[in-house]
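Q: just a sequence and a predicted model for now, questions to come.
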Amino acid sequence: MARGKQPAKARKTVLTHTIADFEPAFWPDEQPVDNAVVMTMGALHEGHAALIRAARKQVGADGRVAVTVFVNPLQFGEGEDLDRYPRTLAADVRLAEENGADVVFAPLPEEVYPNGAPQVRITAGPMGERFEGASRPGHFDGVLTVVAKLLHITDPDFAFFGEKDAQQLAVIQRMVADLDFDVEVIGVPTLREEDGLALSSRNRYLSAEERAQALALSKALFAGRDVAAQGPKAVREAASAVLDTTEGVTLDYLALIDPEDFTEAADDFQGEAVLAVAAKVGSTRLIDNVRIIVR
């Protein structure tokens, strides 16, 4: 698949806003080397930096790495934080450059959707209707539609996504498999603060008090993980016990999930599972998960 690339050189990351400018920046000639893309909505943090570094490691010094920065309106529902979602492009470009990106593609909505909101979209199907999809109807259809478009635009050999958005990663991997996209999707483990809080662009919305309350999410997941050898019931009970005793956290869901199809794991389930949580802390909705082996 690799087309029009050149060995990476020591130079500044190129910022592009249009497809016409992106293509010659990412594929400056015809030397066939691997390339990778990291798709983001901006407000980049160390978790995104880890994705970029993983992409650079995968393609090597001579490969090409693109970072997309696009706040996708299709994946925000009514009353969600589209307008106040943090936009920090100058800082994003610096972080991308420091971690090995060759190009940042930061288009406006009219560049990605030149005819307005697309009439034809990719549906996530049943996998996109559970958990996050139940709480945010249509969210994953919006995610898959923009990911598909960006995969066509960037034409990567590898695409990197964070495991913190476990359901998003699962539906993207399923789309790529079901629709024969010629790309390898690679998940990168969640990065956390020293106290366990998962890195997220939305953490900046939290007050000091809310940040302390938000630690209940990771503590609940770790409590469930610690008793994974005792089976699904013990996992759910241990995680619930933490959340039930924490003030300021409004639970959306806590679920032990079969990663194959993102259904709730049965009480006799054994094997790898995703223990996932979503909750509001103050007015900020946060998600987190850990992968565990249930016995």
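A: Nice, I can see it. Keep in mind the model is a prediction, meaning the values are calculated, not measured.
Q: the stretch 151-295 of the chain: helices as residue ranges?
A: Along the stretch 151-295 of the chain, counting by DSSP state H, counting those that start in this stretch, helices occupy 166-178, 208-226, 232-244.
Q: switch these over to JSON lines; also include mean neighbour count and distance to Ile292.
A: For the C-beta atoms, the positions are set from N, CA and C on the backbone; glycine is no exception. Below are those laid out as JSON lines (neighbours: other CB atoms under 10 Å; distance: least, CB to CB, whole Å):
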{"stretch": "helix 166-178", "mean neighbour count": "20", "distance to Ile292": "12"}
{"stretch": "helix 208-226", "mean neighbour count": "19", "distance to Ile292": "5"}
{"stretch": "helix 232-244", "mean neighbour count": "18", "distance to Ile292": "7"}
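Q: now render those as CSV, adding mean pLDDT.
A: Formatted as CSV, these follow (pLDDT from 0 to 100):
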stretch, mean pLDDT
helix 166-178, 97
helix 208-226, 98
helix 232-244, 98
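Q: how about those in CSV, adding distance to Asp141?
A: Below are the helices of the stretch 151-295 of the chain laid out as CSV (distance: least, CB to CB, whole Å):
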stretch, distance to Asp141
helix 166-178, 9
helix 208-226, 26
helix 232-244, 29
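Q: quick one: which of the ones you listed is nearest Gly187?
A: helix 166-178 (5.0 Å; CB to CB).
Q: got a list of contacts for that closest one?
A: Identification of contacts with helix 166-178 by CB atoms under 8 Å, 6 or more residues apart in numbering yields 122, 124, 127-128, 130-133, 140, 143-144, 147-148, 159, 161-163, 181, 183, 185, 187, 257, 259, 262, 274, 276, 289, 291.
Q: again, 7 Å this time
A: 122, 124, 127-128, 131-132, 140, 143-144, 147-148, 161, 163, 183, 185, 187, 259, 262, 274, 276, 289 (CB atoms under 7 Å, 6 or more residues apart in numbering).
Q: drop anything exposed from those residues.
A: Among these, those that count as buried by neighbour count (16 or more other CB atoms under 10 Å) are 122, 124, 127-128, 131-132, 140, 143-144, 147-148, 161, 163, 183, 185, 187, 259, 262, 274, 276, 289.
Q: restricted to strands, list these.
A: Phe161, Val185, Gly187, Val274, Ala276, Asn289 (DSSP state E).
Q: could you dump the residues you listed to JSON lines with pLDDT?
A: Output for these, formatted as JSON lines (pLDDT from 0 to 100):
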{"residue": "Phe161", "pLDDT": "98"}
{"residue": "Val185", "pLDDT": "98"}
{"residue": "Gly187", "pLDDT": "98"}
{"residue": "Val274", "pLDDT": "98"}
{"residue": "Ala276", "pLDDT": "98"}
{"residue": "Asn289", "pLDDT": "98"}
